[in-house]
Structures are given as structure tokens and as C-alpha cells.
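Peer 1: How does the following fold in three dimensions:
(chains A and B)
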Amino acid sequence: MNINATLLGQAIAFALFVIFCMKYVWPPVVGALRERQKNIADGLAAASRAEGDLELAQKKATEKIKEAKDKASELIAQANKRADGIVDEAKEQANEERARILASAQSEIELESNRAREELRASVATLAIQGASSILKKEVDEKAHAQLLDDLAQQL
Amino acid sequence: MAGDTLTSSEYIKHHLTNLTYGQHPDGSWGLAHSAEEAKEMGFWAFHVDTLGFSIALGALFIFLFSKAAKSATSGVPGGLQNFVEWILEFVEDNVKSSFTGKNSFIGAMGMTVFVWILLMNAMDLVPVDFIPYLASLMGVHFLKVVPTTDPNATMGMALSVFALTLYYSFKIKRPGGFLAELAFHPFPKYMFPVNLLLEGVSLIAKPISLGLRLFGNMYAGEMIFILIALLPWYVQWTLSLPWAIFHILIVTLQAFIFMVLTIVYMDMAYTVDEH
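Peer 2: Numbering: from 1, shown residues only, chains lettered A, B, ... in the order given. From the prediction side, this is the model:
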């Protein structure tokens, strides 16, 4: 093993090589590593952001669903109320109709019974006069006793 | 030996000699003191420097990566974790694009192969005399610091990969299917001796080319660094610097090629050919 200036020469070359690497090899490698790190960091940040967004969206969705449910129940209540109203109205109308029909029927019955009474009254008067004239065997002056007969017929 | 003057060829030879531990001709075990002595030890000898540096670099890899893995967060990664993830993603992309089977072992093997070879190759960028000089001060006279310039290391890895491809070939295709693939492949069945020869050669060529490609590239690179070191000291940097810069590419590329070929060979073991 002979040690001479070769060692020095190699040291110079090695120093230059190290400088070269520091200047031209190291930076791109470090740059690539940095970029990779940055990409990962960005990706993770994006992921966590997306997670937050998702949470927000879920919250919003549940809110919307709740709102929709409330609205639906409100609508149902309204519809129920309206249906009740319609039913009540119909009931009222039916009642009115019933009352009307009842009233007209009653008035008709009254009319009919009045007429029958009138008829009955007239025939009873005639019968009474005939009965009385046959009992008395004597002509009663119809005209003179008309007032009396009328009173009688009225009392029937 | 420090202080002795060496001729150029002696200098080169010295730099290409591994620190070898083995059995001396007299029967005692110990370190070889010259290249010839190392050669005499035959097969049952160990390159202590190759083993030491590769194991140390492997340990460094495991230490760094397990440290990053243990403190890994799912948030924004810090420096080391970011770097490790970067490499992991790179390897995973390659595995996904080349490997069609289903085996979680391939990704781990691909990453280990890539990072380990990258670290071993990167030892080439340390000036050729630095570490051997420090070692010589501590009394170690031979030291090759780049494990991948030792064919023992590269062929060792290549043969391990080969053994794995054989294992998975047998496991996935069954021995019969694997043999059929070798025997009935390029030509019709009745020409099976020709097929067997062709496929056999291409099968054997896989580990050899895999190991020798890495060894050849790194050995040639190291050789040129040694040759440059023979120049007068004040001009060395003019050649050494561009070569070192170029070597950044070689170091990465060879590690990458080894990894991709490993994955491709494993994929071939997994793919059942319809023939």
C-alpha cells in the first residue's frame, strides 16, 4: 500500500463531487420529496374538508327533512280542518233542508186538515139543518137562523 | 506495507484483491496475505470485505426502513417516512406493472433487492483509496469496498433469485407443467430434444446474465476509478468528477435493472404458457 498524493487528488475530486451533488442532485430529489409531502398534506386537508362538508350537508338534510315533515303535518291538519268544515257545512245544509221539508210538509198537512175540517164543517151544518128540520117537521128559516147555524158550525 | 512504492499494475492488482479468509495450504485458517495466497485457498474461502460491507449495508437498510415503518403515521409523512414511502411507491409501481400473479412476497423482495444493491453500488462513489487507506492504518491490507464488484456477491443474489423462480415454477405449474414448458415450447412436440436444449440454455442464461450484468457494470466502473487514481493527483478530478457524476446514473440504473429482472423472472415463473 503506497500512500501518496493520489489520496489528495481523490479528496479534491470527492469534494467537487459532493459539491456537484449538493448543487444539482440534492435539490431535485428534495424538491420531489417536498412536492410529495405537500400533495399528501393537500390531499389530507381536502379529505378533512370534505368530511366537514359532508357533516354540514347531513345536518342540512336532516333539517330539511324535519321542515318537510312539519309542513306535511301542518298540511294534514289544515286538510282535516277543512274536511271537518265541509262535513259541518254539509250537516248544516242537510239540517236546513230537513227543516225546510218538515216545515213544508207540516204546512201541507195543516192545509189539508183545514180543508178537511172546512168540508166537514160544511157537511155537518147541512146535516144539522136537515136533522133539525126533520125533527121539528117544520121549515126553519135558513136565512133567519143563518147566524145561529154559523155559530154552531164554528163550535164543532 | 504502507510507504512501499508500487508499480501501476501492482496498485491495480492490490485494489482488485479481496480480503480473503480461508484455509492456508498448511492447514491453518486465516487471512490471505496476497492474491496468490487467496487463490490457493480454493473454493472454501470467504471474502470478508464483501460479506462485511454487504451485511452492514443490508443492516443499514433494515434499520432505516424499519425505523420509518415503526414510526409511520397515516397523516402527513415526515422526512424519513416520506423518503421510504417514495421508494416503496416506486417499487410497487414496477411490481404492479410487471408482475401479474398474486404474491405479497414479490414486492418486499423487489424493494430489498433495489435498495440493497443501490446502497452497495453507491459505495463506488466513495473515492477508491479512502476506506482501504483507513483500513491499512488498522492493519488490514486488502479491502474492496464495493460488494457488487465481487462476482461472488452478484452471482449469489442471482442464484438466489434463480432458486426462487425454480421454486415458484414447480409450485405453480407442478413439475410436469414446468417440464412441458421446457420441452414443448418453441417447436412442435416431436422436436422436444431441440426444445429442451433451447429452453435449457435460456433458463440457465437467466441467472448468469442477471449476476454478470451487475458485476460487469460495477467492476468496469470501479476499474476506471482505479485507473483514474493512477493519474497525477492534480488532474485526477478532471476525469474522476465526470465519471462519478455519470456513475450516479449507473448505480441507480443497475439496481433498477436487477430489481425489474427479478420481478420479471418471478412473473415468468407464475405465468402458465398455453402451448
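Peer 1: Chain A against chain B: which residues are in contact?
Peer 2: A:1-14, A:16-17, A:20-21, A:25, A:32-33, A:36-37, A:40-41, A:44 (CB under 8 Å from any CB of the partner chain). The way it works is simple: take the backbone N, C-alpha and C, and place the C-beta from them, glycine included.
Peer 1: Now that we have those residues, which of them are buried?
Peer 2: A:1, A:6-7, A:9-14, A:16-17, A:20-21, A:33, A:36-37 (16 or more other CB atoms under 10 Å in any protein chain shown).
Peer 1: returning to that earlier point: go through the residues of chain A next to chain B and flag which are in helices.
Peer 2: Cross-referencing the residues of chain A next to chain B against helices under DSSP state H gives A:6-14, A:16-17, A:20, A:32-33, A:36-37, A:40-41, A:44.
Peer 1: any bit of stretch B:242-258 sitting next to chain A?
Peer 2: Yes - counting by CB under 8 Å from any CB, chain A has neighbours in stretch B:242-258: B:244-245, B:248.
Peer 1: who touches stretch B:82-89?
Peer 2: Contact with stretch B:82-89 is made by A:32-33, A:36-37, A:40, B:64-65, B:68-69, B:77, B:111, B:114-115, as judged by CB atoms under 8 Å, 6 or more residues apart in numbering or on different chains.
Peer 1: pLDDT-wise, what's the bottom of those?
Peer 2: Least confident entry in the contacts of stretch B:82-89, by pLDDT: residue B:77, with 74.
Peer 1: Quick check: residues of the stretch 51-200 of chain B near chain A?
Peer 2: So far as CB under 8 Å from any CB goes, the stretch 51-200 of chain B lies against chain A at B:75-77, B:79, B:82-83, B:85-86, B:125-130, B:132-133, B:136, B:141.
Peer 1: Could you rerun that using 10 Å?
Peer 2: B:74-79, B:81-83, B:85-86, B:89, B:125-130, B:132-133, B:135-137, B:140-143 (CB under 10 Å from any CB of the partner chain).
Peer 1: Kindly confirm my reading that residue B:74 forms part of a helix.
Peer 2: No - counting by DSSP: H, G, I helix; E, B strand; the rest coil, residue B:74 falls outside a helix, being coil.
Peer 1: Hmm, residue A:44 and it touching each other?
Peer 2: Yes - with contact defined as CB atoms under 10 Å, residue B:74 reaches residue A:44; the gap is 8.7 Å.
Peer 1: so where is the chain shaky, pLDDT-wise?
Peer 2: No chain in the question, so chain A it is. Along chain A, the parts satisfying pLDDT under 70 run over A:1-4, A:137-142, A:144.
Peer 1: Chain B, not that one
Peer 2: For chain B (pLDDT under 70), the answer is B:1-6, B:273-275.
Peer 1: Which parts of it are helices?
Peer 2: B:8-15, B:35-40, B:48-70, B:79-98, B:104-122, B:130-137, B:151-183, B:192-228, B:236-270.
Peer 1: Most widely separated two among the buried ones among the residues of chain A next to chain B?
Peer 2: The largest separation in those, counting by CB to CB, is between A:1 and A:37 at 46.1 Å.
Peer 1: Of all the residues in chain A, which one is nearest chain B?
Peer 2: residue A:9 (3.2 Å; CB to the nearest CB).
Peer 1: wait, doesn't that residue sit right on residue B:229?
Peer 2: Yes - counting by CB under 10 Å, residue B:229 is a contact partner of residue A:9 at 7.3 Å.
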